[in-house]
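>>> here are the coordinates; sequence isn't available:
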């Protein structure tokens, strides 16, 4: 799994880092739909994790990453 530091979003807005805009253009957006939300809710009820972590886990479990390299 690849992780991304949220501070990189701040740098992406700055003009001296144009390669970050290119990097973000290659990302796939995965929307939080009902099955992911339900999984995240169930996970939070059984584990002590943050909402963001539960959504990330639900997204990964229900939509496994497929390498396209």
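All right, it came through fine. Keep in mind that this is a model prediction, so the values were computed, not measured.

>>> burial of residue 15, as a residue count?
6 (other CB atoms under 10 Å). C-betas here are computed from N, CA, C, even on glycine.

>>> now the residue nearest to residue 12 when sequence neighbours are not counted: which helix or strand?
In this structure, residue 12 finds its nearest non-sequential neighbour in residue 20, 3.9 Å apart by CB to CB, 6 or more residues apart in numbering. Element membership for residue 20 (DSSP states H and E) is helix 18-25.

>>> same question, residue 37
helix 34-46.

>>> tell me which helix or strand comes right after that helix.
Taking DSSP H and E as the definition, the helix or strand right after helix 34-46 is helix 51-62.

>>> quick one: that following helix to helix 34-46, angle?
120 degrees (axes from the mean of the first three to the mean of the last three CA atoms, to 10 degrees).

>>> counting contacts, what elements does helix 51-62 pack onto?
helix 34-46 (3 or more CB pairs under 8 Å, 6 or more residues apart in numbering; DSSP states H and E).

>>> can you list the buried residues in the helix it packs on?
36, 39-40, 43-44 (16 or more other CB atoms under 10 Å).

>>> nearest to the spatial middle of this protein, which residue is it?
The chain has residue 56 as the residue nearest its centroid, 5.7 Å off, counting by CA atoms, centre = their mean.
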